[in-house]
Each structure stands twice: as structure tokens, then as C-alpha cells.
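Asker: Make a model of this:
(chains A and B)
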Amino acid sequence: MRRGGFRVLDTVKPFLPYLPEVQSAFEKKQKVALREKVIYTLTTLFVFLVCSQLPLYGIHSTTGADPFYWMRAILASSRGTLMELGIGPIITSGLVMQLLTGSKIIQVTEEEDHALLNAAQKLLGVLITLGQAVTYVLSGMYGPVAQLGVGNALLIVLQLVFAGVILQCLDELLQKGYGLGSAISLFIATSLCESVIWKAFSPVTFNNIGRSGLEFEGALISLFHNLITKSSIRQAFFRQSLPNVTNLLATVLVFLIVVYFQGFRVVLPVRSKNSRQGGYPIKLLYTSNMPIILQSALVSNIYFISQLLYNNFSGNFLVNLLGQWRGPTPVGGLAYLITAPSSLAAHPSHTLFYIVFMLSTCAFLSKTWIEVSGSSARDVAKQLNKQGMGMAGHRYSNLHKELNRYIPTAAAFGGVCMGALTILADLTGAIGSGTGILLAVTTIYQFLDTFDKELATES
Amino acid sequence: MDAIESAIDPLRDFAKSSVRLVQRCHKPDRKEFTKVAVRTAIGFVVMGFVGFFVKLVFIPINNIIVGSA
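Answerer: Numbers count the residues shown, from 1 in each chain, chains lettered A, B, ... in the order given. Below is the predicted model:
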């Protein structure tokens, strides 16, 4: 059995010298100053943002329906730029690795295995980037291949792969001690924040023929404009075609609610053998934003498959059951039912189905996630024991039981809360959909937390 | 009737343990809440504006690149 696991990991060995790797700060025994970490983090962010704006060389067009529209938010990707694939490959490779280790196909037993595991993940990431890039080009997303020509097509693939490798290195940079946290969540959160600020302040103008002529895209800019020119304030608040102030207000509301719930926690009286103080906190939002990410990924995949099938086999009864589409919007079938309804009153049964679907999938995904990510009651009990911590007056088995009283409920209920928040955000029209705001807030919170801890250890 | 009951029971248990969990939770008081909210908001705005300015700067640059290609 052991040999089986090793053989799989061993296949990565020959690639080791070719994979670019960032030297771990921990290994070099260098403590990176907090200030440096912030600079590294900001620079990484900056690189990502710039790459998201640089258009791919050699593409002919980015028009036509974007089949990955729904995944853009989670993947922090931008159509037609170097960041076309965003962090999708990194997330996917991480997910696959988790599955492989979780199902024991790969076994990590010795010290050197971790390096191999890391290398395997990187290799997988590059392969996925390559695969996705080739698929994109071949599927005609940048214009028909014949028009592009082989040279340009190859160039595009190369650019995408190059961008993907850079992303992996950046992520590794931050993870190995030079930065404050994971690059992935940083990018997603920034995309969302930028989108909100942009929708508020964009100076780009649109010509709205038949109404008020020239309009500003940014909601707040438009509000000022309307105040100054004494035109309709009501329009600034409620216009449908461009972001309006109500959207912003809804965003702020959701933001505050999330921040509030972030603070809910149960503190279990766990302490180490030496010290008297301390406690193990179990957050209400135990799995934080994972259930939302997973749920979004699930929904996006259903959309993608359904769209693909519908565009090719729209006559088939089963295909129609899965989803019917008019352009980029689902109008029937399962795909429609799992989309946020545009108004509560108009479609009560759709709304009910949507709510039930959301809440139950979030709860379920959250609960299974704790097993996969190693944060179940059993795992936490094991870890605490390893660190020599235990509950006052209890023994090992009791620690496990005590944790089990709260963790599974926290995971499931936390998932439900996240689902409910997302629904609220969607229904009030908050920017970036509930998912995005939650992700952004939880990420910023984590970063601030890490920042504080670092500050504490430094001073 | 039994089938419905057996379906509702786990839900009822879940609801009960959830309520218990929330009751036991330490809830952020006004001071803690304001502190976290303000800091998170600042982080949010900072990140947002960095992205915003990058995008703003790139609009004309992109136009030039795409225009000449």
C-alpha cells in the first residue's frame, strides 16, 4: 500500500529542477520584517492588477458571449487580459491535491514528501494552465483559429502559461513567509473592492439616448452630477441600467452585517500545561467563506455544462430540464431555479426553491469541508493534543467530545448564515453579489488578524 | 406522516443545536464592532482605490495599445 502512494509522488521527482521555486524564508532562518512583508504583499497585488489590465497580444476579438461570466468573480480573472484564467488553475490544482491526499491516493509520510507535494501541486497548476489556455484558443474565444494563425495562437498560449507561472510564484512568495497571507484570497478580495469603488466613482460616461443624455457610470459621481444640474435625484438612486446609489447602500449594509457576524465565537477553556490563560475560539462562521466559494463553483459548473448542452442539443428533453438559456441568462430548468430571482413577489415558488437550495448546499458543503481541510473536531483535538493543550479538568477523549458539540454545528450553521447573507445581498442588489462581499470582508479580516499577530511578535 | 416526521426531526435537532450555539457565542460589543468595522472598511477602501487607479491609468494606455494593433 505504501509503495503505491510513493510511486505516484515519485513521478514528480524528475521535474523538480525545472520548476521555479521561491526560497522559503523559514528555511533561511531569516525573519522578514513586518514592513517588508507589507511591501511584498502590496507589490504582489500591484503586479496582479497590472497584469489584469494588459491585453493579450495576438487576439482578434473578445466579443461574443463569455461562457465564464459567472466564474469571473471567484477566479479574479479578466477577459482578454494576461489574467484570463485568473487564479483558476491554482485553485483547481489545490483542490485536486486535497482530493488526492484526502482519499489516500497520495500518502505523505516522510519529510521530503512535503517538498514533493508542493512540487506536484505546482506542476499540476502549470499543466492545468496549459490545458485551459489551449482549450480557450481552440474553442474560438479569441476569434476563429484559422483567422488567428498558428503563430498567434501559440503566442497566446505562451502568454497565458507565463502569466500562470508568475501567479504561482507570487502566491508561493506570500505563503513562504514574505507576505501576510494567501495571494489567492488577496486577489479575489481586491477584485471585488475595486469593482465596488469603480461602480461608485467611475468617470466613464454613457450616452443614454432617450433619457438624460450623457450619464456617468459611477453612482456617487452621478449623484453629484444630478444634484448640481438639478436633474432627477431619484434616478441616481434607482436607475437600472447603471450602478445606482441604492446598490452602494445595500453593499454597505451587507458589509456591516458580515463584520458583525465575524465576531461571534464560542471560546472553549483550552490551555496548555504551562500557562493558565488562553482559550480555543470556535467562530460561528467556522468555515468562513469556503462554503460560498464551493457553492459558487458548483453553480458555475452547472451553468457551464448546461449552456454547452443547450447550445448544441436544445431539443432534448433532459437538456431542457437541466437548463434553458436566452443568451447569457438562464430562463428555465434547474439552471434557472438556482439563479437568484429578480424579484421576490413575482416568482414566489422560484424564490422558495432558490432559498432552500442555497441554504442546504451551503450547510452541506460547509460540513464536508471540515473533513477535507482538516478542521473537523477529530483533527482539531489531535492538533491541540500535539501542542500539549487540553481542557481544564478533562481528558483527551472529552476534548474531542466537547469540540464535537460545537464544531459540526458551527460549520453547518455558519454555512447557512453565509448562504442567507448571500441571498440578502443578491435580493437587495448589493454590488458584487453576496459572495463577493463576504469573500472580501473575510479576507481583509484575516489579513488584519495576521498583521496584528505579527505586530505583537515584533514588538 | 411518519416519513415527514423522520425528515423534520434532524432539521429540528439542527435548529436546536444552532440556537444553543448562538446563545453560547460571545457577541461583539459596540466597541469591538466599531473597531473591526472601521479597520476592515479602511482595508476595503485602500484595496479598492489601488485597483481603481490602476484601472483608470490603464484605460488610455489600453486604448493606445489596441488602437495601434
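
Asker: Can you check my assumption that residue A:325 lies in a strand?
Answerer: Yes: using DSSP: H, G, I helix; E, B strand; the rest coil, the assignment for residue A:325 is a strand.

Asker: just checking, it touches residue A:309?
Answerer: No: using C-beta atoms under 8 Å, residue A:325 is not in contact with residue A:309; the gap is 9.8 Å. C-beta coordinates here come from the backbone N, C-alpha and C atoms, glycine included.

Asker: What helix or strand is residue 40 located in?
Answerer: You didn't say which chain, so I picked chain A. Following DSSP states H and E, one finds residue A:40 within helix A:34-51.

Asker: Sorry, I should have been clearer: chain B.
Answerer: Per DSSP H and E: helix B:30-68 holds residue B:40.

Asker: so what does that helix touch, helix or strand wise?
Answerer: Packed against helix B:30-68 by the contact rule (3 or more C-beta pairs under 8 Å, 6 or more residues apart in numbering or on different chains; DSSP states H and E) you find helix A:34-51, helix A:183-201, helix A:245-262, helix A:433-458.

Asker: Tell me which residue in chain B sits closest to chain A.
Answerer: Of all residues in chain B, residue B:51 sits closest to chain A, with a separation of 2.6 Å (C-beta to the nearest C-beta).

Asker: Read off the pLDDT value for the closest residue to residue A:426 other than its chain neighbours.
Answerer: Excluding the flanking residues, the one nearest residue A:426 by C-beta to C-beta, 6 or more residues apart in numbering or on different chains is residue A:340, at 4.0 Å. Note for residue A:340: predicted pLDDT of 71.

Asker: Tell me, how many residues neighbour residue A:340?
Answerer: Per other C-beta atoms under 10 Å in any protein chain shown, the neighbour tally for residue A:340 reads 16.

Asker: show me what contacts it?
Answerer: Residues near residue A:340 by C-beta atoms under 8 Å, 6 or more residues apart in numbering or on different chains: A:354, A:423, A:426-427, A:433.

Asker: Mind checking what secondary structure it has?
Answerer: Residue A:340 ends up coil, using three-state DSSP.

Asker: Chain B versus that one, what's the distance?
Answerer: Residue A:340 sits 23 Å away from chain B, taking C-beta to the nearest C-beta, to the nearest Å as the criterion.

Asker: Also residue A:287?
Answerer: Distance from residue A:287 to chain B, by C-beta to the nearest C-beta: 14 Å.

Asker: Could you look up the SS state of that residue?
Answerer: Residue A:287 ends up coil, using three-state DSSP.

Asker: ok, and the closest non-adjacent residue to it?
Answerer: residue A:366 (4.6 Å).

Asker: if I've got this straight, that neighbour is in a strand?
Answerer: No: membership of residue A:366 in a strand is not supported by three-state DSSP, which gives helix.

Asker: That one is in contact with residue A:411, isn't it?
Answerer: Yes: using C-beta under 8 Å, residue A:366 is in contact with residue A:411, at 4.7 Å.

Asker: Could I get the helices and strands packed on helix B:30-68 in JSON lines, plus columns for mean pLDDT, mean neighbour count and distance to chain B?
Answerer: Converted to JSON lines, those look like this (pLDDT from 0 to 100; neighbours: other C-beta atoms under 10 Å in any protein chain shown; distance: least, C-beta to the nearest C-beta, whole Å):
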{"stretch": "helix A:34-51", "mean pLDDT": "79", "mean neighbour count": "17", "distance to chain B": "4"}
{"stretch": "helix A:183-201", "mean pLDDT": "78", "mean neighbour count": "24", "distance to chain B": "3"}
{"stretch": "helix A:245-262", "mean pLDDT": "81", "mean neighbour count": "20", "distance to chain B": "5"}
{"stretch": "helix A:433-458", "mean pLDDT": "75", "mean neighbour count": "20", "distance to chain B": "4"}
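
Asker: Looking at those helices, which is nearest to residue A:321?
Answerer: Residue A:321 lies closest to helix A:433-458 among the helices and strands packed on helix B:30-68, at 25.7 Å (C-beta to C-beta).

Asker: From the contact counts, what lies against the closest one?
Answerer: Short answer (3+ C-beta pairs under 8 Å, 6+ apart): helix A:433-458 packs on helix A:34-51, helix A:72-75, helix A:183-201, helix A:245-262, helix A:290-313, helix A:396-428, helix B:30-68.

Asker: could the ones you listed go into JSON lines alongside distance to residue A:134?
Answerer: Formatted as JSON lines, these follow (distance: least, C-beta to C-beta, whole Å):
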{"stretch": "helix A:34-51", "distance to residue A:134": "20"}
{"stretch": "helix A:72-75", "distance to residue A:134": "18"}
{"stretch": "helix A:183-201", "distance to residue A:134": "23"}
{"stretch": "helix A:245-262", "distance to residue A:134": "38"}
{"stretch": "helix A:290-313", "distance to residue A:134": "17"}
{"stretch": "helix A:396-428", "distance to residue A:134": "34"}
{"stretch": "helix B:30-68", "distance to residue A:134": "24"}
